[in-house]
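Visitor: test case, fold it:
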Amino acid sequence: MKNTQTYIQENKDKFLNELVDLLKIPSVSADLAFKNDVRKTAEEIAKFMKEAGADKIEICETAGHPIVYSEKMIDPSLPTILVYGHYDVQPADPIELWTSPAFEPVIKKTEIHPEGAIFARGACDDKGQMFMHLKAFEAMMKADELPCNVKFMIEGEEEIGSENLGTFCKANHERLAADIILVSDTGMINNETPSITTGLRGLSYLEVEVTGPNRDLHSGLYGGCVANPINVLAKMIGSMHDENNHITIPGFYDKVQELTDAERAEMAKAPFSLDAYKKALDLTDIHGETGYSTIERGSIRPTLDVNGIWGGYIGEGAKTVIPSKAYAKISMRLVPNQVPNEITELFTNYFNSIAPEGVKVKVTPHHGGDAAVTPIDSIGYAAASKACETTFGKKAIPVRSGGSIPIVSMFEKELGLKTVLLGFGLDSDAIHSPNEHFGLFNYYKGIETIPYFYKYFTEMSQN
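Guide: Residues are numbered from 1 along each chain as shown. Next comes the predicted model:
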């Protein structure tokens with residue numbers, strides 16, 4: 001694929017500058033204050049699709065933020081790849097922890113990325129990885145080497161649960177017809193070890209509220225006399241793990257799929273340094289469920305974590321109050337066979353059962369999604385593996401990710417299509433955190449690898 005690869009090498013600066021401009025737009029889907037910026041980003045994506053050579057480009061309205069669709073159908077007898085990505089990003093908070101402004105992209109060299117990394121919100125998740133696909137498509141088109149049909153579906157609500165994507169898929173079965181879905185919203189083991197994600201955890205995300213007195217109270221006059229919602233909430237949350245960090249919700253593990261010793265042994269072959277892991281996070285020790293390795297805890301085991309907790313006075317100085325209310329946001333990562341709605345119900349029942357007298361509790365479910373496992377004996381996986389071997393010079397390792405991409409199970413249910421998760425980010429890229437970044441090596445390697453997936457998937461599908 002000399003022509004396509006030559007175009008990529010000759011246009012690296014252009015590809016980077018275009019990504020920088022895209023990252024400057026604060027497309028935060030969770031905050032309506034950024035609604036116009038989300039729309040502007042969709043319009044920019046459509047513009048890049050047109051410049052690359054796509055047809056039937058449309059900014060499709062939804063009940064929320066729009067979906068950008070386009071396609072290039074060169075021959076109905078050839079396979080069709082449906083590319084999914086998202087252009088919305090997480091909020092930048094806490095802003096004060098960024099070493100450079102979240103929406104003013106800068107290139108910095110790091111120990112892991114000596115060639116440089118682009119620091120900005122969305123650099124890796126998912127603007128940078130989504131943009132790789134547009135640039136790879138552009139390269140194939142400019143070189144006249146697109147080997148099959150391609151469709152793009154780029155949404156603006158992934159970071160808030162893709163609430164309208166299912167409706168769009170249901171209404172557009174024919175338009176979205178394809179042979180495989182290709183997604184880059186995951187990562188790889190390291191820059192020397194390519195990997196393909198073959199499993200994702202599911203998710204149940206909810207908010208809890210504990211109410212005590214009908215107003216904030218003076219902690220001197222009422223302290224020791226009434227239940228403090230913050231104290232109560234902290235104790236309730238603390239009781240949800242036992243001394244072995246096993247989740248105590250009755251029935252929580254009933255449907256958990258246990259891996260065999262042989263499967264766990266295969267997982268253990270992936271390169272992993274516990275010392276490097278602790279060093280990267282500035283930790284003196286690790287933490288987790290007894291009886292499982294760090295890799296297993298982060299991929300094949302379910303979890304329960306508090307994502308945020310608040311209540312009372314948190315301003316400057318002192319205000320001695322017992323708050324009326326306390327709140328927390330909680331996420332539970334789920335493994336195959338665990339059903340999000342069932343887990344949410346189990347949590348709600350347990351949370352209500354452990355609430356002491358003197359407080360009222362409320363559980364508000366937000367979004368969730370099923371776990372997913374993708375087959376490694378498919379043409380899609382084989383094509384992705386061969387593509388990685390071509391550009392990295394070594395075979396890719398199949399890995400299970402601890403993250404959740406609920407749309408993968410939704411695609412299979414609504415469109416009847418399997419998904420290949422070909423990501424190029426690293427665990428150290430700080431997605432969802434301050435100082436998110438994406439290595440230039442990874443960005444360019446993705447653009448170089450994706451055309452080979454098209455080539456090999458087309459060849460294997462026709463044999």
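
Visitor: the helix or strand of the chain with the lowest mean pLDDT - contacts with which helices or strands?
Guide: Lowest mean confidence among the helices and strands of the chain (mean pLDDT, DSSP states H and E): helix 261-267, at a mean of 84. Counting contacts by 3 or more C-beta pairs under 8 Å, 6 or more residues apart in numbering; DSSP states H and E, helix 261-267 is packed against helix 294-297. Every C-beta, even on glycine, is put in place using the N, C-alpha and C of the backbone.

Visitor: run through the neighbouring helices and strands of the helix it packs on.
Guide: So helix 294-297, by 3+ C-beta pairs under 8 Å, 6+ apart, packs with helix 261-267.

Visitor: again, 10 Å this time
Guide: helix 261-267, helix 274-281, strand 397-400 (3 or more C-beta pairs under 10 Å, 6 or more residues apart in numbering; DSSP states H and E).

Visitor: got a list of contacts for the longest one?
Guide: Helix 274-281 has contacts (C-beta atoms under 10 Å, 6 or more residues apart in numbering) with 111-112, 190, 273, 283-286, 293-295, 298, 427-428.

Visitor: what do you get for the shortest one?
Guide: Residues from elsewhere that reach strand 397-400, judged by C-beta under 10 Å, 6+ apart: 186-189, 193-201, 259, 263, 266-267, 269-271, 295-296, 298-300, 335-336, 371, 373-374, 376, 381, 384-385, 388, 421.

Visitor: and those, which are buried?
Guide: Among the contacts of strand 397-400, those scoring as buried are 186-189, 193-201, 259, 267, 295-296, 298-300, 335-336, 371, 374, 381, 384-385, 388, 421 (criterion: 16 or more other C-beta atoms under 10 Å).

Visitor: filter those residues down to just the ones in strands.
Guide: 195, 196, 197, 198, 199, 200, 421 (DSSP state E).

Visitor: what pairs with the fifth one across the strands?
Guide: Read it as residue 199. residue 373, residue 400 (DSSP bridges).

Visitor: and the strands in the stretch 201-350 of the chain?
Guide: For the stretch 201-350 of the chain, strands defined by DSSP state E, counting those that start in this stretch occupy the ranges 202-211, 217-218, 305-311, 321-322, 325-334.

Visitor: so which of those strands gets nearest residue 359?
Guide: With C-beta to C-beta, the closest approach to residue 359 among these belongs to strand 202-211: 5.3 Å.

Visitor: quick one: residues contacting residue 452.
Guide: Residue 452 touches 1, 4, 5, 136, 383, 384, 386, 387, 388, 389, 390, 391, counting by C-beta under 10 Å, 6+ apart.

Visitor: and if we set it to 8 Å?
Guide: Counting by C-beta atoms under 8 Å, 6 or more residues apart in numbering, residue 452 touches 1, 386, 387, 390, 391.

Visitor: I'd like these as CSV, with pLDDT appended.
Guide: Output for the contacts of residue 452, formatted as CSV (pLDDT from 0 to 100):
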residue, pLDDT
1, 56
386, 98
387, 98
390, 98
391, 98
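
Visitor: among these, which ones are buried?
Guide: Applying 16+ other C-beta under 10 Å to those flags 1, 386, 387, 390, 391 as buried.

Visitor: got the domain boundaries for this structure?
Guide: Following automatic domain parsing, one finds the domains of the chain at 2-200+371-462, 202-256+302-369.

Visitor: just the ones you listed: most buried one?
Guide: The highest mean neighbour count among the domains of the chain, using mean count of other C-beta atoms under 10 Å, belongs to domain 2-200+371-462: a mean of 20.

Visitor: distance between that one and the chain's centre?
Guide: The chain centroid and the centroid of domain 2-200+371-462 are separated by 11 Å, computed with C-alpha atoms, centre = their mean, to the nearest Å.

Visitor: for stretch 319-327, same thing?
Guide: Relative to its chain's centre, stretch 319-327 lies at 34 Å (C-alpha atoms, centre = their mean).

Visitor: tell me where the stretch 151-300 of the chain has helices.
Guide: 165-171, 219-222, 229-238, 261-267, 274-281, 294-297 (DSSP state H, counting those that start in this stretch).
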